[in-house]
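S.K.: Just need the structure, nothing else, for what follows:
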Amino acid sequence: MEITGEVRDIIYKNEINSYTIAEFETEEEATTIVGYLPFINSGDTLKLIGKFVEHKEYGRQFKIDTFEKMIPQTLGALERYLANGNIKGIGETIAKRIIKKFGEETIHVFKYEPTRLAEVRGISETKAKEMSESFIENWEVWQIVGFLERFGIGAEYAKKVFDLFGTKAIEEIESNPYILIDLTRGVDFKQIDKMALDLGMSYDNEKRVISGIKYGLIRSTYNGHSCVLKDNLIEFVISLLDVSTENVEDGLINLKVKNEIVIESRENGEYVYLYAFYNAEEEIAFRIKRLQKAKNVKRITRLKEQLKKVEVTSSIELSDKQKEALELVNENNVTIITGGPGTGKTTIIKNIIDIYEDKGKKVILAAPTGRAAKRMTETTGKEASTLHRLLEIGKIDEDSLYKNTRDYEGAPIDADLIIVDEVSMMDMFLMNYLLKCIYQGTKLILVGDEDQLASVGPGSVLKDLIHSEKVATIHLDKIFRQAARSKIILNAHRVNNGESFIQKDEIEEDMEDDFFFIKENSQEKMLAQVVSLCTGRLEKYGNYDFFQNIQVLSPTKKGMLGTKELNKVLQEQLNPNINNSPEKASMGAVFRAGDRVMQINNNYDIHWAKESYGTKEIGSGVFNGEIGTVVEVNEREKQVEIRFDDDKQVWYEFSDLDQIEHSYAITIHKAQRK
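M.R.: Have a look, this model is predicted:
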């Protein structure tokens, strides 16, 4: 539906993407509006297209799909618009005087007779000209929103476009639509390419070729790469654009001259980086070396006495390797502790905390994901934070971490020691941002298993740092007695060593029955085994309830044994719609109460509520990898309520369901983000 009225008050505005909550007044009523409103301020008159929704926590709201900025319909609205602080040199007093002087002629004066503004007391001829220019600029800016819809780019990106190109944005885009590729990682290249070709751009146009090269490099980062082989890139661009090798070679030369790419020669060929990616790798190396070279001001004297004290208080005798790890931490400002499961990494973290806090040092714990931070808290007894929360990344544009990395200097972290667990999950940009926030002299301890999958984002930070042999590193390889009872842990180490699983004649009496290898030769039989295990066999074997204790993992999304098909099969087996309960179809899936689901991207703006110990907490933000359960599908309010594992309750509009997917089965890569 369509409503027209005035923005009376801005309740909340995300300064990065312009997601806004505001009080809006029409002729009929006052209501709350929510959506992306770049360049909009109190006093603006808008025509909104969207729908009314009922939010369980915040009540009735109008959710905006698109908007159009209108000329204020009354003199009162025009006065409030002029007084909202958005037009240079005009406040409440001057706005009143202008309206009193010119009345219905006000807009005409601003546009066509700006010198007449000097007739108002307090406005000089110079100020009159500035006010007119500011007024006209404000009216031009909002037209960008409507123009971008031709490219399938939403209002949330309009502010980025204006920040890049100013009031000449439309003119710039019409002359070269490919500049939008620099806007965000999510822009559809094919859509922009079609628009450019329709506008008459030739196939071998330099702008088109350069854009295709940059798009190819960006695409490679989706698979975790920070650079690509030059020959592979040329082949991709030729296929994408139907141009010659010479065209692509010329494009690479032009991009290199403009410092938009870096070409690095190695033994096995030439590699091409986007400049920001090369810069991030350089900065990580520089900052790590600078931390290493700083004076070791947090070093503890007489460490051996502290180690004996820890052994007594914890009743744990430390191994030689664990003692070596603690000595390494004490002697170095940057230390890596790596090892497979069951090798004592958690014990070392606890010992570091005990030793340094006993000496009055401030220790901060962090991990890349919410689940990893929660597990770190549980195993150490000390509160751990996600890196996003610690670094306050929600307050900056996450896309921009992939560009101009030198522009982002985070607030320094107040700590003597920072311990980061599960570092294998960290991509290069998150590591770079963390390093920017560390004071010189602070100790940084990076903990993780280099044999785990690489991060979902670009770069393989932990493995590369270890293999560089430039950072003090301790490799833990001894499996401790308690962990050695687990066949999962033993088999993990055997696989890493190129050995086969434990055989029956190698099983000892006190080993746990926690690992089974079931061999099948057909996909149909494999699927039947998975369904059988999830629908009763494991529950009978060890009282394992699927929704509480079981997670199905697959290496792939596609095929009979991929997550998409597994989710459909497991949903029908474990949560069938027997009573014809409400359900909602979205993106090829059907959601109903009881479904296990996962958030698949970061959403900093979505609101949540949570009850804890009798008090109600509200906040915003649900992040990639968080798992929850559908509580209700409300057809009347067009919402799905989800309770996440940390007890956050979140209400998703039906139109927002592309942010979640079923998680009866998830990919192995997704599992490490939990």
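S.K.: Residues contacting stretch 297-305, please?
M.R.: 306, 326-327, 330-331, 333, 355-356, 359, 361, 416-417, 441-443 (CB atoms under 8 Å, 6 or more residues apart in numbering). In short, each C-beta sits where N, CA and C put it, glycine included.
S.K.: Kindly recompute the last result at 6 Å.
M.R.: Here stretch 297-305 makes contact (CB atoms under 6 Å, 6 or more residues apart in numbering) with 330, 359, 416, 441, 443.
S.K.: repeat for stretch 620-631
M.R.: 369, 394, 591, 593, 595-599, 601-607, 641-645, 650, 663, 673-674.
S.K.: now do 8 Å
M.R.: Here stretch 620-631 makes contact (CB under 8 Å, 6+ apart) with 369-371, 386, 388, 394, 456, 547, 591-608, 640-646, 648-650, 663, 670, 673-674.
S.K.: quick one: which of the contacts of stretch 297-305 has the most company?
M.R.: residue 443 (26 neighbours; other CB atoms under 10 Å).
S.K.: Identify the residues contacting the nearest residue to that residue once chain neighbours are set aside.
M.R.: Spatially, and ignoring its direct neighbours in sequence, residue 443 is nearest to residue 417 (4.4 Å; CB to CB, 6 or more residues apart in numbering). Taking CB under 8 Å, 6+ apart, we find residue 417 in contact with 298, 352, 356, 361, 362, 363, 364, 442, 443, 444, 445.
S.K.: just the residues you listed now: which is nearest residue 318?
M.R.: Nearest to residue 318 out of those is residue 352 (CB to CB; 11.9 Å).
S.K.: okay, now the closest one: neighbour count?
M.R.: The tally of other residues near residue 352 (other CB under 10 Å) stands at 26.
S.K.: Any chance you could list what contacts the helix or strand that contains it?
M.R.: Using DSSP states H and E, residue 352 maps to helix 345-358. With CB under 8 Å, 6+ apart as the test, helix 345-358 has contacts from 298, 300, 303, 306-307, 309-310, 313-314, 316, 318, 322, 325-326, 329, 337-339, 363, 365, 376, 379-382, 416-417, 419, 421, 445, 447, 449, 476.
S.K.: Can I get the buried part of the contacts of stretch 620-631 as one ChimeraX selection?
M.R.: To isolate the buried members of the contacts of stretch 620-631 in ChimeraX, using 16 or more other CB atoms under 10 Å:
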select :369,370,371,386,388,394,456,591,592,593,595,596,597,598,599,600,602,603,604,605,606,607,608,640,641,642,643,644,648,649,650,663,670,673,674
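S.K.: Grab the nearest non-local neighbour of residue 457.
M.R.: Using CB to CB, 6+ apart, the closest residue to residue 457 is residue 427 (2.8 Å).
S.K.: Surely that neighbour is in contact with residue 462?
M.R.: No - Residue 427 lies out of contact with residue 462 (CB atoms under 8 Å); the separation is 10.6 Å.
S.K.: still on that earlier bit, selecting buried members of the contacts of helix 345-358 in PyMOL, what would you type?
M.R.: Remark: buried members of the contacts of helix 345-358, expressed as a PyMOL selection using 16+ other CB under 10 Å:
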select buried, resi 298+303+306+307+310+318+322+325+326+329+337+338+339+363+365+376+380+382+416+417+419+421+445+447+449+476
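S.K.: Show the contacting residues for residue 285.
M.R.: Listed by CB under 8 Å, 6+ apart, residue 285 has no contact partners.
S.K.: Rebuild the contacts of residue 417 as JSON lines, extending it with distance to residue 64 and pLDDT.
M.R.: Converted to JSON lines, the contacts of residue 417 look like this (distance: CB to CB, whole Å; pLDDT from 0 to 100):
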{"residue": "298", "distance to residue 64": "51", "pLDDT": "94"}
{"residue": "352", "distance to residue 64": "50", "pLDDT": "94"}
{"residue": "356", "distance to residue 64": "51", "pLDDT": "94"}
{"residue": "361", "distance to residue 64": "50", "pLDDT": "95"}
{"residue": "362", "distance to residue 64": "45", "pLDDT": "96"}
{"residue": "363", "distance to residue 64": "45", "pLDDT": "97"}
{"residue": "364", "distance to residue 64": "40", "pLDDT": "97"}
{"residue": "442", "distance to residue 64": "44", "pLDDT": "96"}
{"residue": "443", "distance to residue 64": "48", "pLDDT": "97"}
{"residue": "444", "distance to residue 64": "44", "pLDDT": "98"}
{"residue": "445", "distance to residue 64": "46", "pLDDT": "98"}
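S.K.: Done for today, thanks.
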